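1. mind looking at a prediction? Sequence and model below.
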Amino acid sequence: MSARTRSRAAAAVVTGGTGFLGSHLCEALLDAGRPVVCIDNLVTGAAENVAHLQARSGFTLLRQDISDGIEVGADVAADIDLVLHLASPASPPDYLRLPLETLRVGSEGTRHALELAARHGARFLMASTSEVYGDPLEHPQRESYHGNVDPVGPRAVYDEAKRFAEAMTAAYRSSRRVDTTIARIFNTYGPRMRADDGRVVPTFILQGLEGRPLTVAGDGSQTRSLCHVSDTVRGLLALAASGHPGPVNIGGTGELTVLEIAEVVRRATGGRSAVVHIDLPVGDPRQRCPDTALAREVLGWAPEVGLDEGLAETVQWFHHRRAA
Ligand code: UDP
């Protein structure tokens, strides 16, 4: 190790760092003065999401498939004290298109990320999901709820991959003494979502901006609770900086039906669109809202960005992107 590398601050590694959430996390870490190693295979992420970070000192993008292994040479980062493991297809159409890849990154990818943390004595944050609760029978969902997942249902490739990843994270904590934590992230929205990722917010925004009907699945009575990406990132960084082992829910608490979400987006995009109903996807959870008491208590965290404000910013971003 050269004197030059030794003198550098310890780096944070973000797997899945070119994705929607990962790219915002990389940016927030750099803003906090931390060197960042962003690792991604660019299957569902995009180098474009971190293009504005490439010129910043302390930022490195490595194109690697973490399911095959992770290689961070000492020339890139001699010291790593934090591994944030976000790599995975995350939208239902993406993980349904990539079922085996999703299972593999949740298992092998997670093992490689945990090994990296173990090698460096780094803290490890597993980016888990509200999907571990499946189609929840407890509402709102507390961290103590064990979930209702169909292991052979269409969403199982994602839900079970994340459940397995949580189990592996807990096992590395107990058997290998890695300082781990688990965030269960609920529906997050904001700039840099992929227009075609199929999720409700970008889909409705694009439809609204183009004056096309908003495609509400089923009767639209199923619920989701949306959280702006800046709040989610703040929650993840607070959890990483804490000593808490998790799991901790990170999500918005303003529960809305999908029909209500359609109405809010319709207004935010000029109010020209009608609503049409499409088939409800198989296994679509009926209700979803986090109990965030634990995050409040142990992290002092609560969402701050209101839906109107957050959506207005997101609509602007999609508007400018379309224009460009
Ligand atoms: N949804 C919808 N119309 C769309 C896309 C999604 O009504 O064009 C619904 C979807 O069926 C689900 C909710 O919106 O009930 C949230 O879906 P999303 O894919 O954003 O995330 P999920 O919470 O299901 O992972």
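-> Yes, it's here.
2. ok, Gln207 to Pro92 distance?
-> Per C-beta to C-beta, to the nearest Å, Gln207 is found 17 Å from Pro92. Glycine gets a C-beta too; all of them are placed from N, C-alpha and C.
3. and Ser221, by the same measure?
-> Counting by C-beta to C-beta - Ser221 and Pro92 are separated by 18 Å.
4. can you name the residues that contact the residue in the stretch 201-324 of the chain that the ligand sits nearest to?
-> In the stretch 201-324 of the chain, the residue that lies nearest the ligand is Ala217 (3.3 Å; C-beta to the nearest ligand atom). For Ala217, the contact set (C-beta atoms under 8 Å, 6 or more residues apart in numbering) comprises Val258, His277, Ile278, Asp279, Leu280, Pro281, Asp284.
5. out of the residues you listed, which sit inside strands?
-> Secondary structure from DSSP state E places His277, Ile278 of the contacts of Ala217 in strands.
6. what segments of this structure are helices?
-> Using DSSP state H, the helices of the chain run over 3-6, 20-31, 92-97, 99-104, 110-120, 156-176, 200-209, 229-241, 258-268, 293-299, 307-323.
7. looking at Ser221 and Pro92, which one has more neighbours?
-> Set Ser221 next to Pro92 and count neighbours by other C-beta atoms under 10 Å: Pro92 wins out with 19 against 13.
8. isn't that one right up against Val200?
-> No: assessed by C-beta atoms under 8 Å, Pro92 is found out of contact with Val200, at 9.9 Å.
9. below-threshold pLDDT in the stretch 151-300 of the chain: ranges please.
-> Along the stretch 151-300 of the chain, no part satisfies pLDDT under 70.
10. of all the residues in it, which ones are close to the ligand?
-> 187, 198-200, 203, 215-217, 222, 224, 258, 281, 284 (C-beta under 6 Å from any ligand atom).
11. highest neighbour count among those?
-> Arg224 (24 neighbours).
12. count residues in the vicinity of Pro99, would you?
-> So Pro99, with other C-beta under 10 Å, has 15 neighbours.
13. who touches it in this structure?
-> Val157.
14. quick one: it from Pro92, how far?
-> In terms of C-beta to C-beta, Pro99 sits 11 Å off from Pro92.
15. roughly how far does the spatially closest residue to Thr232 that is not a sequence neighbour sit from His85?
-> Spatial nearest neighbour of Thr232, chain neighbours left out: Thr188 (4.5 Å); criterion: C-beta to C-beta, 6 or more residues apart in numbering. Between Thr188 and His85 the computed distance is 16 Å (C-beta to C-beta).
16. swap in Arg296?
-> 24 Å.
17. ramachandran angles for Thr253?
-> Backbone torsions of Thr253, given as degrees, to the nearest 10, read phi -110, psi 0.
18. ok, which pair from the residues of the stretch 151-300 of the chain next to the ligand is furthest apart?
-> By the measure C-beta to C-beta, those have their two most distant members at Asn187 and Thr215, which lie 16.9 Å apart.
19. wait, what's in contact with Met193?
-> By C-beta under 8 Å, 6+ apart, the neighbours of Met193 are Phe20, Arg199, Val201, Pro202, Thr314.
20. farthest-separated two in these?
-> Taking C-beta to C-beta as the measure, the contacts of Met193 span a maximum distance of 11.8 Å, between Arg199 and Thr314.
21. give the intersection of the neighbour lists for these two.
-> Tyr189, Met193.
22. what is the burial count for Gly153?
-> Neighbour number of Gly153 under other C-beta under 10 Å is 14.
23. thinking again about what came up before, wait, the residue nearest to Thr232 touches His228, no?
-> Yes: at 7.5 Å, Thr188 counts as touching His228 under the criterion of C-beta under 8 Å.
24. higher neighbour count, Thr188 and His85?
-> His85 (30 against 24).
25. dig out what that one forms beta bridges with.
-> Thr15, Met126 (DSSP bridges).
26. test my guess that it contacts Ala113.
-> Yes: under the criterion of C-beta under 8 Å, His85 lies in contact with Ala113, with a separation of 4.2 Å.
27. got any residues that touch both of the two?
-> With C-beta under 8 Å, 6+ apart as the test, His85 and Ala113 both reach Thr15, Phe124.
28. what sits against Pro191?
-> Counting by C-beta under 8 Å, 6+ apart, Pro191 makes contact with Val229, Glu313, Thr314, Trp317, Phe318.
29. ok, 7 Å please
-> Pro191 makes contacts with Glu313, Thr314, Trp317, as judged by C-beta atoms under 7 Å, 6 or more residues apart in numbering.
30. now it. Its backbone dihedrals?
-> phi -60, psi 150.
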